[in-house]
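1. need the 3D shape of this:
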Amino acid sequence: MKNSVLKYFLISLGVIILDHVVKLLVHFNMIKGSAGQIKIFGDWFKLHYLTNPGMAFGMELPFENSKIVLTVFRIIAMVAIGYYLYYLHQRQAPKGLLVCIGLILGGAIGNLIDSVFYGVFLDNAPFDAPFPWFYGQVVDMFYIDIWEGYLPDWIPLLGGDHMALWPVFNIADSSIFVSIIFMLLFQKRYFKKEESLETNIPIE
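-> Prediction:
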(Lines give C-alpha, C1' and ligand atoms only; values in the text may rest on other atoms or scores of the structure.)
Protein backbone atom coordinates (compact mmCIF):
# COMPACT_ATOMS: atom_id res chain seq x y z
CA MET A 1 0.00 0.00 0.00
CA LYS A 2 3.12 2.19 -0.05
CA ASN A 3 2.24 3.94 -3.31
CA SER A 4 -1.52 3.52 -3.08
CA VAL A 5 -3.95 6.42 -2.96
CA LEU A 6 -6.03 4.32 -0.55
CA LYS A 7 -3.96 5.42 2.45
CA TYR A 8 -4.95 9.04 1.85
CA PHE A 9 -8.62 8.09 1.67
CA LEU A 10 -8.09 6.20 4.94
CA ILE A 11 -6.89 9.48 6.45
CA SER A 12 -10.24 10.96 5.39
CA LEU A 13 -12.05 8.03 6.97
CA GLY A 14 -10.11 8.52 10.21
CA VAL A 15 -11.19 12.17 10.36
CA ILE A 16 -14.83 11.21 9.72
CA ILE A 17 -14.85 8.58 12.46
CA LEU A 18 -13.13 10.80 15.04
CA ASP A 19 -15.37 13.74 14.13
CA HIS A 20 -18.58 11.81 14.67
CA VAL A 21 -17.42 9.98 17.79
CA VAL A 22 -16.81 13.40 19.38
CA LYS A 23 -20.08 14.84 18.04
CA LEU A 24 -22.15 11.94 19.36
CA LEU A 25 -20.41 12.05 22.75
CA VAL A 26 -21.22 15.75 22.97
CA HIS A 27 -24.82 15.28 21.81
CA PHE A 28 -25.63 12.51 24.30
CA ASN A 29 -23.67 13.86 27.28
CA MET A 30 -23.85 17.66 27.17
CA ILE A 31 -26.54 20.29 27.53
CA LYS A 32 -26.66 22.86 24.74
CA GLY A 33 -25.41 26.39 25.24
CA SER A 34 -23.84 28.06 28.26
CA ALA A 35 -25.74 25.86 30.75
CA GLY A 36 -23.73 22.80 29.70
CA GLN A 37 -20.45 24.56 28.99
CA ILE A 38 -17.27 22.87 30.28
CA LYS A 39 -14.07 24.83 30.85
CA ILE A 40 -10.93 23.06 29.61
CA PHE A 41 -8.24 25.76 29.92
CA GLY A 42 -9.57 28.60 32.02
CA ASP A 43 -12.07 30.88 30.31
CA TRP A 44 -10.46 30.86 26.88
CA PHE A 45 -10.94 27.23 25.74
CA LYS A 46 -14.21 25.47 26.46
CA LEU A 47 -16.49 22.69 25.34
CA HIS A 48 -19.73 24.37 24.28
CA TYR A 49 -22.46 22.33 22.57
CA LEU A 50 -23.93 24.29 19.68
CA THR A 51 -25.79 23.34 16.50
CA ASN A 52 -25.10 25.25 13.31
CA PRO A 53 -27.92 25.32 10.71
CA GLY A 54 -25.90 26.88 7.92
CA MET A 55 -22.38 27.48 6.74
CA ALA A 56 -19.25 28.46 8.64
CA PHE A 57 -19.80 31.02 11.42
CA GLY A 58 -23.53 30.17 11.40
CA MET A 59 -24.21 32.06 8.18
CA GLU A 60 -27.10 31.03 5.94
CA LEU A 61 -27.96 31.67 2.31
CA PRO A 62 -30.71 34.33 2.06
CA PHE A 63 -33.36 32.42 0.12
CA GLU A 64 -35.90 29.63 0.53
CA ASN A 65 -34.59 26.05 0.53
CA SER A 66 -31.04 27.36 0.94
CA LYS A 67 -30.20 24.39 3.16
CA ILE A 68 -30.90 21.95 0.31
CA VAL A 69 -28.73 24.04 -2.03
CA LEU A 70 -25.92 24.07 0.55
CA THR A 71 -26.13 20.30 1.09
CA VAL A 72 -26.11 19.59 -2.66
CA PHE A 73 -23.10 21.89 -3.03
CA ARG A 74 -21.32 19.96 -0.27
CA ILE A 75 -22.00 16.68 -2.06
CA ILE A 76 -20.60 18.06 -5.34
CA ALA A 77 -17.58 19.47 -3.48
CA MET A 78 -16.97 16.11 -1.78
CA VAL A 79 -16.89 14.30 -5.13
CA ALA A 80 -14.64 16.97 -6.65
CA ILE A 81 -12.18 16.85 -3.73
CA GLY A 82 -12.08 13.05 -3.88
CA TYR A 83 -11.30 13.14 -7.59
CA TYR A 84 -8.69 15.85 -7.05
CA LEU A 85 -6.96 13.68 -4.47
CA TYR A 86 -6.82 10.79 -6.92
CA TYR A 87 -5.63 13.15 -9.69
CA LEU A 88 -2.79 14.52 -7.56
CA HIS A 89 -1.72 11.05 -6.47
CA GLN A 90 -1.52 9.87 -10.09
CA ARG A 91 0.83 12.76 -10.79
CA GLN A 92 2.97 11.99 -7.75
CA ALA A 93 2.22 15.22 -5.94
CA PRO A 94 4.08 15.79 -2.65
CA LYS A 95 2.88 13.53 0.15
CA GLY A 96 2.24 16.51 2.40
CA LEU A 97 -0.23 17.93 -0.11
CA LEU A 98 -1.98 14.56 -0.45
CA VAL A 99 -2.34 14.34 3.33
CA CYS A 100 -3.82 17.86 3.42
CA ILE A 101 -6.35 17.04 0.68
CA GLY A 102 -7.24 13.82 2.51
CA LEU A 103 -7.88 15.82 5.70
CA ILE A 104 -9.99 18.37 3.82
CA LEU A 105 -12.04 15.57 2.23
CA GLY A 106 -12.62 13.98 5.64
CA GLY A 107 -13.71 17.31 7.10
CA ALA A 108 -16.07 18.00 4.21
CA ILE A 109 -17.71 14.59 4.49
CA GLY A 110 -17.88 14.88 8.28
CA ASN A 111 -20.04 18.00 8.16
CA LEU A 112 -22.01 16.68 5.19
CA ILE A 113 -23.13 13.68 7.26
CA ASP A 114 -24.57 16.07 9.86
CA SER A 115 -26.55 17.91 7.19
CA VAL A 116 -27.93 14.78 5.54
CA PHE A 117 -28.62 12.49 8.51
CA TYR A 118 -28.64 14.31 11.86
CA GLY A 119 -32.03 15.90 11.25
CA VAL A 120 -33.42 12.35 11.37
CA PHE A 121 -31.16 10.41 13.73
CA LEU A 122 -30.50 13.22 16.22
CA ASP A 123 -33.77 15.05 15.55
CA ASN A 124 -31.92 18.37 15.32
CA ALA A 125 -33.48 19.86 12.18
CA PRO A 126 -34.81 23.43 12.66
CA PHE A 127 -38.46 23.59 13.74
CA ASP A 128 -39.46 25.20 10.43
CA ALA A 129 -37.69 22.64 8.21
CA PRO A 130 -40.11 21.04 5.69
CA PHE A 131 -38.63 17.59 6.44
CA PRO A 132 -35.70 16.27 8.53
CA TRP A 133 -33.60 14.70 5.75
CA PHE A 134 -30.93 17.11 4.43
CA TYR A 135 -31.92 19.68 7.06
CA GLY A 136 -29.73 18.40 9.89
CA GLN A 137 -27.66 20.91 11.82
CA VAL A 138 -23.90 20.58 12.20
CA VAL A 139 -22.77 19.78 15.76
CA ASP A 140 -20.02 22.10 17.06
CA MET A 141 -18.29 21.99 20.42
CA PHE A 142 -14.82 23.61 20.61
CA TYR A 143 -14.94 27.23 21.67
CA ILE A 144 -11.92 29.56 21.88
CA ASP A 145 -13.32 32.44 23.90
CA ILE A 146 -11.01 35.36 23.07
CA TRP A 147 -13.80 37.91 23.51
CA GLU A 148 -17.55 37.83 23.91
CA GLY A 149 -20.01 40.62 24.61
CA TYR A 150 -22.28 43.29 23.17
CA LEU A 151 -21.02 45.74 20.61
CA PRO A 152 -21.62 49.46 21.29
CA ASP A 153 -24.75 50.91 19.69
CA TRP A 154 -22.72 53.45 17.71
CA ILE A 155 -21.08 50.76 15.54
CA PRO A 156 -22.86 50.70 12.13
CA LEU A 157 -24.94 47.60 11.29
CA LEU A 158 -23.57 45.45 14.16
CA GLY A 159 -24.11 47.85 17.06
CA GLY A 160 -26.11 46.45 19.95
CA ASP A 161 -25.66 42.83 18.87
CA HIS A 162 -24.11 40.11 20.97
CA MET A 163 -20.98 38.75 19.33
CA ALA A 164 -18.22 36.23 20.00
CA LEU A 165 -14.85 36.90 18.40
CA TRP A 166 -14.26 33.22 17.60
CA PRO A 167 -16.82 30.70 16.37
CA VAL A 168 -17.57 27.33 17.91
CA PHE A 169 -16.15 24.57 15.70
CA ASN A 170 -15.64 20.80 15.47
CA ILE A 171 -13.07 18.20 14.40
CA ALA A 172 -14.13 18.44 10.74
CA ASP A 173 -13.70 22.23 10.72
CA SER A 174 -10.31 21.91 12.43
CA SER A 175 -9.15 19.34 9.87
CA ILE A 176 -10.03 21.67 7.00
CA PHE A 177 -8.57 24.77 8.67
CA VAL A 178 -5.24 23.18 9.63
CA SER A 179 -4.85 21.69 6.15
CA ILE A 180 -5.43 25.04 4.46
CA ILE A 181 -2.86 26.69 6.76
CA PHE A 182 -0.26 24.05 5.87
CA MET A 183 -1.03 24.40 2.17
CA LEU A 184 -0.49 28.15 2.39
CA LEU A 185 2.73 27.77 4.36
CA PHE A 186 4.19 25.18 1.99
CA GLN A 187 2.55 26.28 -1.26
CA LYS A 188 5.87 26.60 -3.11
CA ARG A 189 6.70 23.01 -2.24
CA TYR A 190 3.22 21.58 -2.73
CA PHE A 191 2.04 23.33 -5.91
CA LYS A 192 4.61 22.59 -8.54
CA LYS A 193 3.99 23.36 -12.19
CA GLU A 194 1.74 20.82 -13.83
CA GLU A 195 4.46 19.96 -16.32
CA SER A 196 6.93 19.01 -13.58
CA LEU A 197 4.37 16.78 -11.92
CA GLU A 198 3.49 15.04 -15.16
CA THR A 199 7.11 14.24 -15.90
CA ASN A 200 7.20 12.20 -12.69
CA ILE A 201 4.46 9.82 -13.83
CA PRO A 202 6.07 6.38 -14.09
CA ILE A 203 6.05 4.83 -17.56
CA GLU A 204 4.58 1.32 -17.53
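2. check contacts around the residue lying closest to Tyr150 once chain neighbours are set aside.
-> Computed as CB to CB, 6 or more residues apart in numbering, the closest residue to Tyr150 that is not its neighbour in sequence is His162, at 5.4 Å. All C-beta spots, glycine's among them, are computed from the backbone N, C-alpha and C. Contacts for His162 were tallied using CB atoms under 8 Å, 6 or more residues apart in numbering; they are Glu148, Gly149, Tyr150.
3. got a pLDDT number for His162?
-> Looking at His162, its pLDDT stands at 70.
4. neighbours of Phe73, just the number please.
-> Neighbour count of Phe73, defined by other CB atoms under 10 Å: 13.
5. let me know the pLDDT of it.
-> 87.
6. about what we covered before: now the contacts of His162 in JSON lines, with secondary structure, distance to Leu185 and pLDDT?
-> Putting the contacts of His162 into JSON lines (DSSP: H, G, I helix; E, B strand; the rest coil; distance: CB to CB, whole Å; pLDDT from 0 to 100) gives the following:
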{"residue": "Glu148", "secondary structure": "strand", "distance to Leu185": "29", "pLDDT": "70"}
{"residue": "Gly149", "secondary structure": "strand", "distance to Leu185": "33", "pLDDT": "75"}
{"residue": "Tyr150", "secondary structure": "strand", "distance to Leu185": "36", "pLDDT": "79"}
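7. what are the phi and psi values for the residue nearest to Tyr150?
-> Main-chain torsions, His162, degrees, to the nearest 10: phi -80, psi 140.
8. for stretch 111-121, buried residues please.
-> By neighbour count on 16 or more other CB atoms under 10 Å, the buried set for stretch 111-121 is Asn111, Leu112, Ile113, Asp114, Ser115, Val116, Tyr118, Gly119.
9. cool, and stretch 171-184?
-> Ile171, Ala172, Asp173, Ser175, Ile176, Ser179, Phe182, Met183.
10. can you tell me which of the residues you listed are in helices?
-> The helices, defined by DSSP state H, take in Ile171, Ala172, Asp173, Ser175, Ile176, Ser179, Phe182, Met183 from these.
11. contact partners for the residue nearest to the fourth one when sequence neighbours are not counted?
-> Right, Ser175. With CB to CB, 6+ apart as the criterion, Ser175 has its nearest non-adjacent residue at 3.8 Å, and that residue is Gly107. By CB under 8 Å, 6+ apart, the contact set of Gly107 is Val15, Asp19, Ile171, Ala172, Asp173, Ser174, Ser175, Ile176, Ser179.
12. which parts of the helix or strand hosting Gly107 are buried?
-> Per DSSP states H and E, Gly107 falls inside helix 95-113. Of the residues in helix 95-113, 97-98, 100-113 count as buried by neighbour count, 16+ other CB under 10 Å.
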